[in-house]
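1. Need the 3D shape of this:
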Amino acid sequence: MNKLDQLKQMTTVVADTGDIAAIEKWCPQDATTNPSLLLKAASMDQYSEALVKAVTYGQTFKGDSTLQIQKASDYFAVEIGKQISAIIPGRISTEVDARLSFDTEATVNKAREIIQLYAEMGINKDRVLIKIASTWEGIQAAKILESEDIQCNLTLLFSFTQAVAAAEAGAFLISPFVGRILDWFKANTDQQDYKAEEDPGVISVSKIYNFYKKAGYNTLVMGASFRNLGEIEQLAGCDRLTISPDLLAQLAEDSGELTRKLTPSSKGAAPSERLSEQQFRWDLNQDAMATEKLAQGIRNFAIDQVALETLLKGISLA
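-> Residues are numbered from 1 along each chain as shown. Predicted coordinates:
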């Protein structure tokens, strides 16, 4: 078997793309999207009809043009999710607008709207994960949504503190970003080359995974944002890994042996004291990498969200 087939035997493989053709080719269990991937999908001819449908839907709302475009954007994201859901057996992750990352109530309301849209398209909420940035406000939104049986994927996660808060909130899944952690260390230290087992992103995710399993948390760990095969191979055995089509292809072309690196250990007990908001904010503040990458990730997703909305504004229904 190639390494992709071997990986699928120990880890749930998730496609990190909105490209239907790529998903059909690699047959993942789940798929994830985000504003950047949706913007990329919007440039593909295969989604031109979805864009028109989205704008048509937006215009059914009687309000200003800003509201209509926001509704159109939500519809486009869900329409893509619907199409992906038709070809995967598992879940599709759809992200809440990054501009709501510091507003718990608005995030909860947007998530409910997304779930309702899916329902109107015939997709049950048990096939959907709501992606939310791992700010304190986002994590609290996930806690509320999980209590309503709306399961969440806490994304843009770079620190152990974020992971602890997510687990305490009962999030279904977290997406720690491996490659972006490596990017930061390369940009901010003198070291440019890392062995796969010394990759700071790999070390971070391994620590979180081992902590979750020992503490008995049910929250799943899904490594994301990979830069190379070495990172993926070092996290073989992780609950889930979301992987780009290019790296899926490289795994499929490699017939070498893939060794499992992460294995659930015997359960212990979760910490007796819960993480306070003050401690969370202090710990995050003290972690320059996590603080900077979280802020950068939110900014960049917001930029791509605005770009998608600008594209939708330019679509004529004549």
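2. any idea which element Gly18 lies in?
-> If you go by DSSP states H and E, Gly18 is not part of any helix or strand.
3. What distance do you get for the closest residue to it other than its chain neighbours to Thr17?
-> Of all residues not flanking Gly18 in the chain, Ala41 sits nearest, at 3.8 Å (C-beta to C-beta, 6 or more residues apart in numbering). For glycine as for every other residue, the C-beta is placed from the backbone atoms N, C-alpha and C. Separation of Ala41 from Thr17 (C-beta to C-beta, to the nearest Å) stands at 8 Å.
4. go on, Asp74?
-> For Asp74 relative to Thr17 (C-beta to C-beta), the value is 20 Å.
5. Comparing these two, which shows the higher neighbour count?
-> Neighbours were counted for Asp74 and for Thr17 using other C-beta atoms under 10 Å; Thr17 has more, 24 against 21.
6. related to what we said a few turns ago, please enumerate the shared neighbours of Ala41 and Thr17.
-> Common neighbours of Ala41 and Thr17, using C-beta atoms under 8 Å, 6 or more residues apart in numbering, are Thr33.
7. what's the first-to-last distance across stretch 24-36?
-> 20 Å (C-alpha to C-alpha, to the nearest Å).
8. State the mean pLDDT of it.
-> Mean pLDDT, computed over stretch 24-36, is 93.
9. So which bits of that stretch are buried?
-> The neighbour-count check on stretch 24-36 (16 or more other C-beta atoms under 10 Å) flags 26, 28, 30-36 as buried.
10. cool, and stretch 242-249?
-> Residues of stretch 242-249 classed as buried by neighbour count (16+ other C-beta under 10 Å): 242-245, 247-248.
11. before we move on, what about stretch 92-109?
-> 92-101, 103-104, 106-108.
12. Of these, which is the nearest to Leu7?
-> Ser93 (19.2 Å; C-beta to C-beta).
13. So what touches stretch 234-244?
-> Residues outside stretch 234-244 that contact it (C-beta under 8 Å, 6+ apart): 6-7, 10-17, 29-30, 32, 173, 175, 178, 196-197, 199, 202, 205-206, 209, 220-224, 226, 232, 251, 258-263.
14. Report the buried members of these.
-> So, by 16+ other C-beta under 10 Å, the buried ones in the contacts of stretch 234-244 are 6-7, 10-17, 30, 32, 173, 175, 178, 199, 202, 205-206, 209, 220-224, 226, 232, 251, 258, 261-262.
15. Now, these that are in strands?
-> 12-16, 30, 32, 173, 175, 220-223 (DSSP state E).
16. Make a markdown table out of the residues you listed and add distance to Ser159.
-> A markdown table is the format used below for those (distance: C-beta to C-beta, whole Å):
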| residue | distance to Ser159 |
| --- | --- |
| Thr12 | 24 |
| Val13 | 25 |
| Val14 | 22 |
| Ala15 | 26 |
| Asp16 | 21 |
| Asp30 | 24 |
| Thr32 | 20 |
| Leu173 | 17 |
| Ser175 | 13 |
| Leu220 | 18 |
| Val221 | 14 |
| Met222 | 16 |
| Gly223 | 15 |
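17. farthest-separated two in those residues?
-> It's Ala15 and Val221 that sit farthest apart of those, by C-beta to C-beta, at 17.5 Å.
18. who touches Asn34 in this structure?
-> Contacts of Asn34 (C-beta under 8 Å, 6+ apart): 95, 131, 155, 301.
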